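[1] Requesting a structural model of the entry that follows:
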Amino acid sequence: QYSFKEVFGTLVVQKKLFDVVAKPLVEDLIRGKNGLLFTYGVTGSGKTHTMTGSPGDGGLLPRCLDMIFNSIGPFQAKRFVFKLGDKNGVDVQCEVDALLERQKRDAMPVPKTPSGKRQMDPEFADMINVQDHCKVEEVDEDNVYSVFVSYIEIYNNYIYDLLEETPFDAIKPKWNSCNTPVRNGDFIPPQSKILREDQNHNMYVTGCTEVEVKSTEEAFEVFWRGQKKRRIANTQLNRESSRSHSVFIIKLAQAPLDADGDNVLQAKQITLSQLSLVDLAGSERTNRTRVEGNRLREAGNINQSLMTLRTCIEVLRENQMYGTNKMVPYRDSKLTHLFKNYFDGEGKVRMIVCVNPNAEDYEESLQVMRFAEMTQEVEVARPVDRPLCGLTPGRRFRNQAFREELSRKLEMRGGPINGEREEQSVSEMFLQNFPPLPSCELLDVNDDQTLPKLIEVLEKRHKLRQMLSEEFAKNVLAFKTMLQEFDSSVVSKENYIQGKLSEKEKTIAGQKMELERLEKKIKTLEYKIEILEKTTTIYEEDKRSLQQELESKSQKLQRQASDKRRLEARLQGMVAETTMKWEKECERRVAAKQLEMQNKLWVKDEKLKQLKAIVTEPKTEKPERPSRERDREKPRQRSVSPSPVPNAPPVRLRHRRSRSAGERWVDHKPPSNLPTETVMQPHVPHAITVAAASEKALAKCDKYMLTHQELASDGEIETKLIKGDVFKTRGGGQAVQFTEIETLKQESPTGRKRRSSPSNPDPPEDAADSEWTDVETRCSVAVEMKAGSALGPGYQHHAQPK
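    Down below sits the predicted model:
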């Protein structure tokens with residue numbers, strides 16, 4: 001989106017566009033101020049149509065000319081009264097010189113129609129037929145005006161005069177149907193013009209043809225004559241593409257009339273204002289226009305000049321916004337160099353941006369609108385108003401009215417009309433107040449009446465003359481006194497006015513200083529505002545990036561939460577499955593334990609039965625116990641486990657080596673434990689022996705062993721070594737997870753009875769019930785649980801089936 005002061009749709013009429021854009025420039029032109037109006041846009045967007053118009057609907061240029069001549073029509077000076085100089089100046093010629101110039105022009109051969117009027121070219125006759133009759137209000141009627149027009153083009157960064165009469169190749173001339181030379185090598189280009197600077201630092205084209213025109217038709221005819229010479233070409237985007245920048249310059253010279261309102265004041269109070277109407281060539285991309293050769297070089301120069309214009313505008317904007325003093329590159333292009341004064345504050349600048357709503361011109365249109373929007377931020381200083389001439393306003397019409405009234409009254413009296421007859425009638429009226437002279441003719445020598453009468457009349461006239469002289473002297477004296485009083489009053493008023501003016505000047509100076517201070521403050525505030533806007537933009541970008549990061553983090557957290565929920569569901573399933581498995585395992589272990597306890601109860605019941613049988617049965621003789629040698633010689637088939645040897649020679653104490661000798665252990669031995677004094681003793685190297693479990697000892701080790709003693713069912717001491725791993729908890733403490741149990745048990749060899757040896761051939765029949773037996777003699781299979789097994793109890797065969 002781009003913002004502009006005014007936006008016109010595709011159906012807007014030329015009059016509305018002119019009223020909004022060009023009419024204020026024409027009003028400033030007549031008031032003595034300069035103006036610049038140019039059309040800018042992509043090639044084929046309607047710039048030339050906006051400036052020139054179409055048949056039946058004139059554009060901005062013919063409407064500007066029509067408004068100028070409608071406003072100054074009755075106040076135009078005669079031709080050649082104003083004469084433009086070679087150095088961008090203007091002079092006022094006397095009536096004789098102007099008359100000679102007009103006679104010389106009238107003597108030139110001009111084609112005339114039989115009706116005596118010049119026939120307009122039918123190509124532009126409809127364009128200048130404007131029926132609006134627009135004019136400027138409050139035109140200074142005490143000035144005389146003259147309009148001068150010139151027409152130039154900037155082609156390949158060279159300036160050419162389109163109104164100059166240029167020769168063509170006489171050998172092979174080629175003309176088209178419009179009576180213009182064909183755009184090919186046969187056309188001999190005119191000499192390029194150069195830019196110069198006048199004494200007021202204004203830029204102008206030296207040697208440029210400037211034509212004085214007196215009507216809209218004559219001015220537009222001059223424009224059309226130059227328009228035929230303008231360079232156009234057929235490209236892929238436009239059938240009649242302008243290949244140069246055209247500049248139509250309207251100069252308005254005005255000067256005040258003298259005190260009588262008849263002639264131009266010869267003093268140097270001439271005002272020369274200028275309105276430049278520029279039709280820029282369109283910016284274009286060569287890959288779209290598909291041009292080559294000269295057309296390609298023209299496109300490069302067009303784009304280069306437009307780029308220079310954009311650079312100048314950007315540097316001006318930067319200097320005004322940031323208070324810098326960078327040099328504006330006006331001289332890089334003839335276009336910007338020519339209008340340097342306008343950008344420096346010598347006039348008002350208006351730009352019309354033409355946009356083609358074609359999708360293929362989208363990128364170029366964006367560039368055009370971005371540049372046009374930026375140009376609105378450039379402030380151009382307004383020129384000061386021209387000083388007043390100091391003469392009485394409205395003197396032209398007052399003098400005309402006075403002459404008309406004087407002529408009317410003289411005609412009514414029948415007297416003369418011209419000034420000389422008027423002066424004679426006044427003298428005659430004055431002489432009529434004197435007494436009439438008598439007849440002075442002497443008819444006789446003795447006539448003594450004529451001379452005395454004549455002397456008497458002359459004396460009366462002399463007395464009357466003296467009386468008139470005295471009265472005139474008194475009147476002169478009184479008039480002198482009145483003049484002196486008037487002079488004194490004028491002097492006092494001048495002093496008073498001077499004092500007031502000095503006070504006003506001081507007030508104005510103070511206000512100017514205040515304005516300068518406020519302008520500096522405004523620039524400072526604008527600079528701060530821009531900095532704050534940039535900071536705000538940075539913060540907004542940071543905010544957007546943080547919001548994006550927050551959104552990504554929230555999405556990541558949502559994904560993690562969903563993964564966590566899936567993992568929890570999976571873990572719950574695994575826990576449920578594991579719980580079910582261990583419940584089955586526990587049930588199986590409980591069943592095995594119940595079976596083991598039932599077996600133990602059965603063994604005890606059997607022992608009690610045997611003991612009861614032994615106690616209740618009368619004994620005749622004591623049975624002999626089989627000797628150990630015999631038992632040792634007898635092959636033992638009931639068990640594969642070796643039996644301990646009672647009379648073995650003494651051996652060295654050997655310690656059982658731990659499976660994890662490289663790890664540190666906590667050896668927990670409660671003080672209530674009794675020493676076993678067995679040959680096999682548990683020994684753990686690098687162990688810390690404690691009587692009670694302590695956190696300090698557990699923190700230093702990664703293995704734990706508890707020595708537990710209890711009394712077995714046979715009355716012997718059973719020692720259990722409970723082992724576990726030490727883990728660190730999240731709270732900083734230690735936890736022990738038990739992994740396996742080792743059992744150390746002592747049995748007395750005389751604590752049970754065994755079967756009799758085979759050396760006793762005749763045992764009693766009922767001795768079988770009285771013999772001591774154990775489980776191994778009555779069971780074919782032993783069941784043993786492997787400590788630390790994850791699969792539950794294991795089965796291992798130790799005995800041979802009977």
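
[2] top helix in the protein by residue count?
    Scanning the chain for the longest helix, with DSSP state H as the assignment, gives helix 450-616.

[3] what packs against it?
    helix 294-322, helix 767-770 (3 or more C-beta pairs under 8 Å, 6 or more residues apart in numbering; DSSP states H and E). All C-beta spots, glycine's among them, are computed from the backbone N, C-alpha and C.

[4] from those, which stretch is densest packed?
    Of the helices and strands packed on helix 450-616, the one with the most neighbours on average (mean count of other C-beta atoms under 10 Å) is helix 294-322, at a mean of 18.

[5] what's the following helix or strand after it?
    Proceeding N to C from helix 294-322, the next assigned helix or strand is helix 334-338, under DSSP states H and E.

[6] which helices and strands sit right next to that next one?
    Helix 334-338 packs on strand 143-155, strand 158-161, strand 195-197, strand 203-205, helix 294-322, going by 3+ C-beta pairs under 8 Å, 6+ apart.

[7] Can you list the neighbours in contact with that helix?
    154, 157-159, 195, 203, 205, 245, 247, 280, 305, 308-309, 312, 329-331, 343 (C-beta atoms under 8 Å, 6 or more residues apart in numbering).

[8] Dump the C-alpha coordinates for it into PDB.
    This file holds the C-alpha atoms of helix 334-338, laid out as PDB (Å, rounded to 0.1, in the frame of the first residue of the first chain):
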ATOM      1  CA  LYS A 334      20.900  16.800 -18.000                       C
ATOM      2  CA  LEU A 335      17.300  16.200 -16.700                       C
ATOM      3  CA  THR A 336      18.200  16.900 -13.100                       C
ATOM      4  CA  HIS A 337      20.700  19.600 -14.000                       C
ATOM      5  CA  LEU A 338      18.100  21.600 -15.900                       C
END
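
[9] re the thing from before, what is the orientation angle of the longest helix of the chain with helix 294-322?
    Counting by axes from the mean of the first three to the mean of the last three C-alpha atoms, to 10 degrees, helix 450-616 lies at 90 degrees to helix 294-322.

[10] Quick one: mean pLDDT over helix 450-616.
    Average pLDDT, helix 450-616: 91.

[11] For H683, give its distance to K87.
    For H683, the distance to K87 (C-beta to C-beta, to the nearest Å) stands at 125 Å.

[12] same deal with T616?
    Taking C-beta to C-beta, one finds T616 at 163 Å from K87.

[13] okay, those two: which has more neighbours?
    K87 (11 against 7; other C-beta atoms under 10 Å).

[14] wait, what's in contact with the closest residue to that one other than its chain neighbours?
    Spatial nearest neighbour of K87, chain neighbours left out: D198 (5.5 Å); criterion: C-beta to C-beta, 6 or more residues apart in numbering. Counting by C-beta under 8 Å, 6+ apart, D198 touches 87-89, 204.

[15] List phi and psi for D198.
    Phi and psi for D198, reported as degrees, to the nearest 10, are phi -90, psi -170.

[16] dump the residue contacts of A693.
    666, 668, 704.

[17] can we see that at 7 Å?
    A693 makes contact with H668, according to C-beta atoms under 7 Å, 6 or more residues apart in numbering.

[18] any idea where the strands of the stretch 51-200 of the chain begin and end?
    Ranges of strands in the stretch 51-200 of the chain, per DSSP state E, counting those that start in this stretch, are 53-54, 57-58, 82-84, 90-92, 143-155, 158-161, 195-197.

[19] For S333, give me phi and psi.
    Taking degrees, to the nearest 10 as the convention, S333 sits at phi -150, psi 150.

[20] Output the helices and strands packed on helix 334-338 as TSV; include the columns mean pLDDT and distance to G53.
    Formatted as TSV, these follow (pLDDT from 0 to 100; distance: least, C-beta to C-beta, whole Å):
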stretch	mean pLDDT	distance to G53
strand 143-155	92	16
strand 158-161	90	24
strand 195-197	91	30
strand 203-205	92	26
helix 294-322	84	23
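
[21] Which of these sits closest to I270?
    strand 143-155 (9.9 Å; C-beta to C-beta).

[22] Now do that closest one against helix 294-322: the angle between them, please.
    Using the same axes, to 10 degrees, strand 143-155 lies at 120 degrees relative to helix 294-322.

[23] So what's the gap between strand 143-155 and the chain middle?
    Per C-alpha atoms, centre = their mean, to the nearest Å, the displacement of strand 143-155 from the mean C-alpha position of its chain is 41 Å.

[24] helices or strands next to that strand in the packing?
    When contacts are defined as 3 or more C-beta pairs under 7 Å, 6 or more residues apart in numbering; DSSP states H and E, strand 143-155 sits against strand 158-161, strand 211-213, helix 216-227, strand 245-256.

[25] so can I have a markdown table of the strands of the stretch 51-200 of the chain showing distance to K553 and mean neighbour count?
    Supplementary listing: the strands of the stretch 51-200 of the chain in a markdown table, determined by distance: least, C-beta to C-beta, whole Å; neighbours: other C-beta atoms under 10 Å:
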| stretch | distance to K553 | mean neighbour count |
| --- | --- | --- |
| strand 53-54 | 63 | 16 |
| strand 57-58 | 64 | 21 |
| strand 82-84 | 76 | 20 |
| strand 90-92 | 76 | 18 |
| strand 143-155 | 60 | 23 |
| strand 158-161 | 64 | 21 |
| strand 195-197 | 64 | 14 |
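
[26] For the residue nearest to K87, report the pLDDT, please.
    At D198, pLDDT is 88.

[27] So what's the residue count around K604?
    K604 - counted by other C-beta under 10 Å - has 11 other residues nearby.

[28] er, I249 I mean
    Count around I249 with other C-beta under 10 Å applied: 19.

[29] Confidence-wise, which helix or strand of the protein is lowest on average?
    Lowest by mean pLDDT, DSSP states H and E among the helices and strands of the chain is strand 655-656, with a mean of 42.

[30] Determine the next helix or strand in the C-terminal direction from that one.
    strand 665-668.

[31] What strands flank that next one, and is each parallel or antiparallel?
    For strand 665-668, the pairing partners within the sheet under DSSP bridges are strand 687-690 (parallel), strand 703-711 (parallel).

[32] Among the ones you listed, which comes closest to K607?
    Using C-beta to C-beta, the nearest of the strands paired with strand 665-668 to K607 is strand 703-711, at 17.5 Å.

[33] Can I get the helix or strand that that closest one is followed by in PDB, CA atoms only?
    Downstream of strand 703-711, the first helix or strand assigned by DSSP H and E is strand 717-728. What follows is strand 717-728, C-alpha atoms only, in PDB (Å, rounded to 0.1, in the frame of the first residue of the first chain):
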ATOM      1  CA  ILE A 717      23.600 -72.100  63.700                       C
ATOM      2  CA  GLU A 718      22.800 -71.100  60.100                       C
ATOM      3  CA  THR A 719      24.700 -68.000  58.800                       C
ATOM      4  CA  LYS A 720      23.300 -66.100  55.800                       C
ATOM      5  CA  LEU A 721      25.300 -63.600  53.800                       C
ATOM      6  CA  ILE A 722      22.700 -61.200  52.300                       C
ATOM      7  CA  LYS A 723      24.300 -59.200  49.300                       C
ATOM      8  CA  GLY A 724      23.100 -56.100  47.600                       C
ATOM      9  CA  ASP A 725      24.000 -53.100  45.300                       C
ATOM     10  CA  VAL A 726      24.300 -49.600  46.600                       C
ATOM     11  CA  PHE A 727      22.600 -46.900  44.500                       C
ATOM     12  CA  LYS A 728      22.400 -43.100  44.900                       C
END
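
[34] what helices or strands is the next helix or strand after strand 717-728 leaning on?
    Moving toward the C-terminus from strand 717-728, the next helix or strand (DSSP H and E) is strand 734-745. Other helices and strands packing on strand 734-745, by 3+ C-beta pairs under 7 Å, 6+ apart, are helix 695-700, strand 717-728.

[35] Please repeat the previous calculation with a cut-off of 10 Å.
    Counting contacts by 3 or more C-beta pairs under 10 Å, 6 or more residues apart in numbering; DSSP states H and E, strand 734-745 packs against strand 665-668, strand 681-682, helix 695-700, strand 703-711, strand 717-728.

[36] Okay, now the sheet partners of the second one, with direction.
    When you say that, I think you mean strand 681-682. Partners of strand 681-682 in the sheet, by DSSP bridges, are strand 655-656 (parallel).

[37] Thank you, goodbye.
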